[in-house]
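J.: sharing a model that was predicted from the sequence below.
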Protein chains: 2
Amino acid sequence: MTVYQATASAPVNIACIKYWGKRDTKLILPTNSSLSVTLDQDHLRSTTTSRADPSFKHDRLWLNGKEEEIKEGGRLSTCIAELRRLRREVEKEEGTPKISEYPVHIASYNNFPTAAGLASSASGFAALVASLAALYELPATPSELSLIARQGSGSACRSLFGGFVAWEMGSKDDGSDSFAVEVAPRSHWPNLHALICVVSDDKKGTSSTSGMQRTVETSTLLQHRIKVVVPERMRAISEAIKARDFPTFARLTMADSNSFHAVALDTEPPIFYMNDVSRAIIALIVEYNRASVAAGGSIKAAYTFDAGPNAVIYAPEENIKEIVQIIISYFPQAQPFNDVFGLFGGEQPKGAVPSGFNEAVSKKFEPGAVKGFIHTRVGDGPRVLGAEEALLNAEGLPKAQT
Amino acid sequence: MTVYQATASAPVNIACIKYWGKRDTKLILPTNSSLSVTLDQDHLRSTTTSRADPSFKHDRLWLNGKEEEIKEGGRLSTCIAELRRLRREVEKEEGTPKISEYPVHIASYNNFPTAAGLASSASGFAALVASLAALYELPATPSELSLIARQGSGSACRSLFGGFVAWEMGSKDDGSDSFAVEVAPRSHWPNLHALICVVSDDKKGTSSTSGMQRTVETSTLLQHRIKVVVPERMRAISEAIKARDFPTFARLTMADSNSFHAVALDTEPPIFYMNDVSRAIIALIVEYNRASVAAGGSIKAAYTFDAGPNAVIYAPEENIKEIVQIIISYFPQAQPFNDVFGLFGGEQPKGAVPSGFNEAVSKKFEPGAVKGFIHTRVGDGPRVLGAEEALLNAEGLPKAQT
């Protein structure tokens, strides 16, 4: 008996030009285009196994081992239905097994803890779409699949590509031109690294789904951001990426993070995602760049913040060691640094600041304010994995994860 | 021998529609109109004594007992020169003593500590202008004097009036139409009270003078605020004040505070004036209003933040007791509450939240995060004081202040 099953993994992406606002909440059509860097799946990924089997009673899904309801008309249901529809196109070919008629079991697993505060919906929906596309042997391009992932979670569409990815907002009411495209592959600029600073937060933030709609409804500045600011930044950052112009890339990334948090603040009631720790990290990166420029150098790092207090710092690989040392100077670590790139030759990093750095730009915090780091880099798009990596057991139920 | 001396006091004002950005930094011409509430001088004031005397060697000024240099071409020098110019007009009248030819000694004193984090430049320059205008017996109206105070410190022009005051930005290059006007006197809405929450800050903020110019130079959202958002808000809040419509006044005040901090954040590098304590106070006021509206009531309080972490809460007098109790629930006090309006009948206030208030909106802070409160209300404009309140002694030097 043939087992119809496929496993795929998909990456996390972190936007440089931020998505904030939907013009259609059902189809998830954004109010502006956005652009992100795909992070390396060797470090951060969602993995999903999908199996179609006539013995299954109905579609079921497990996330990190826990079953989630697939609500009719909900986002999961929409994605599965869209991929089944594409499968039925394939099945028009004589002799193709009609597995679109079988219920599916889907198991998904994120290799990063929820406590890391990283949104898993982008990588999760991208892995779901990639695994079902592999199961159904769909001839779809990543951009075509991104149309479906977008309906699961907007930013998921950008996780269908590696490297540098634009989500073109499109203009059609049916959303058929609102998909992701590759701006440049990871191989174009492989030494762009990312350092995620996991920031402790003691308040429950506003969800991005409800937050962005409140901004659309109440902000008096958002329309100007959408119509004037973002289109120009999309053009400029795409050029900067093509030219591997880090200082311009960094300036635009920081400016757009600020702009996104500015329109969140200009919401009624205001939305704050950054806290005093986030602000201190900004002050450190600003000072790091200032000192470099003052010494005749150029901008060496860029911060960006999504809908939470964690900082993501983009920098050329050669600057990451210095950045870790600066941040550790102000944020003593309770946990050891996971030095996947061997920056510190087997030792634990110690705090240090470069010459010319004004140490008074921030106070020093208590251990735990920055809970830890994840050091990664630009990565590739979804991967189809071998059967040995499947998350479903012989009975089509989730394997225990270790 | 005649002593030519006058003493005046002037109030603090706190803007509801914020001034942020100059189109002319020398003349201090703003990029947008603004509107403020004048606070009661019974609680917060600057007092200034000016004396003109032929025996003085040159113009001198003492602030809180410490001599300050009057720099040529600087703001103090400009204000003094402008008032002398108006005095010379008066002296064209036969028999008027030519005291404009005498050097002046000026002593100024703020009755609130610098540590309170309240900007003293507005009340200080208003008191300076009011005392020299009294000394010189100028026939100028408050709006005319506000043209001069504006050149000392932009927002000082609004402290030349009591009640509700608009600073009309004007359009002329020479600034002659950029002055303050009264929107409504204090007597129009006397039960509008203000509660200042003095917030501890461990970082040196960006000065508003340099901060606002960085925003003008780098923010991509500021022009939209200036051209579209503020003109509409000025119109709407003036109407709300005339109608004593507190909910509308409150909504506009909170929205414009958020908008100002949003454009500060949208600056390169970004400017943050609010901290985690400020954010928590916002969350408390938002919840206080939400609970009131949910129970069929209306908006009961408005927060606003200037270029620092202190909150100013505007509310009808009858709500202040509840607001103090809410804030004290989350911010235990190390200092006793100075109950100038007798809200608590001689007792110290205890923390409490109204029914329906969701206590989970903020964590509770350690004592000292909110260092204290100043409870005041809408107040009157500059007052000319009697000789017994003079700050200069017989020799024309500052008296010791107690």
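T.: Yep, it's here.
J.: residue ranges of the strands in the stretch 301-402 of chain A, please?
T.: A:302-304, A:311-316, A:370-377, A:383-385 (DSSP state E, counting those that start in this stretch).
J.: and if you look at the stretch 101-250 of chain A?
T.: Along the stretch 101-250 of chain A, counting by DSSP E, counting those that start in this stretch, strands occupy A:104-110, A:164-167, A:180-184, A:192-199.
J.: B:Ser257 is nearest to which of these?
T.: The closest of the strands of the stretch 101-250 of chain A to B:Ser257 is strand A:192-199. By C-beta to C-beta, the value is 25.2 Å. To be clear about C-beta, it is placed using only N, CA and C from the backbone, and glycine gets the same treatment.
J.: what sits up against that closest one?
T.: The contact list for strand A:192-199, computed with C-beta atoms under 8 Å, 6 or more residues apart in numbering or on different chains, reads A:14, A:37, A:39, A:116-118, A:246, A:275, A:277-278, A:281, A:308-317, A:320, A:323-324, A:327, A:331, A:341, A:369-378.
J.: returning to what we had before: and the strands of the stretch 301-402 of chain A, which is most packed in?
T.: Mean neighbour count (mean count of other C-beta atoms under 10 Å in any protein chain shown) peaks for strand A:302-304 among these, with a mean of 25.
J.: partner strands of that strand, parallel or antiparallel?
T.: strand A:311-316 (antiparallel) (DSSP bridges).
J.: make JSON lines out of the strands of the stretch 301-402 of chain A and add mean pLDDT.
T.: Compiled in JSON lines, these are given as follows (pLDDT from 0 to 100):
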{"stretch": "strand A:302-304", "mean pLDDT": "98"}
{"stretch": "strand A:311-316", "mean pLDDT": "98"}
{"stretch": "strand A:370-377", "mean pLDDT": "96"}
{"stretch": "strand A:383-385", "mean pLDDT": "98"}
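J.: any idea which of the strands of the stretch 101-250 of chain A is most buried?
T.: Ranked by mean neighbours (mean count of other C-beta under 10 Å), these are led by strand A:164-167, with a mean of 26.
J.: partner strands of that strand and their direction?
T.: Strand A:164-167 is paired, per DSSP bridges, with strand A:34-38 (antiparallel), strand A:180-184 (antiparallel).
J.: any idea how far A:Lys350 lies from A:Val324?
T.: The gap separating A:Lys350 from A:Val324 is 10 Å, by C-beta to C-beta, to the nearest Å.
J.: so between these two, which is more surrounded?
T.: Of the pair A:Lys350 and A:Val324, A:Val324 is the one with more neighbours under other C-beta atoms under 10 Å in any protein chain shown, namely 24 against 10.
J.: how about that one: what's its closest non-neighbour residue?
T.: Spatial nearest neighbour of A:Val324, chain neighbours left out: A:Pro349 (5.2 Å); criterion: C-beta to C-beta, 6 or more residues apart in numbering or on different chains.
J.: give the contact list for that neighbour.
T.: Going by C-beta under 8 Å, 6+ apart, A:Pro349 touches A:Lys321, A:Val324, A:Gln325, A:Ile328, A:Phe337, A:Asp339, A:Leu343.
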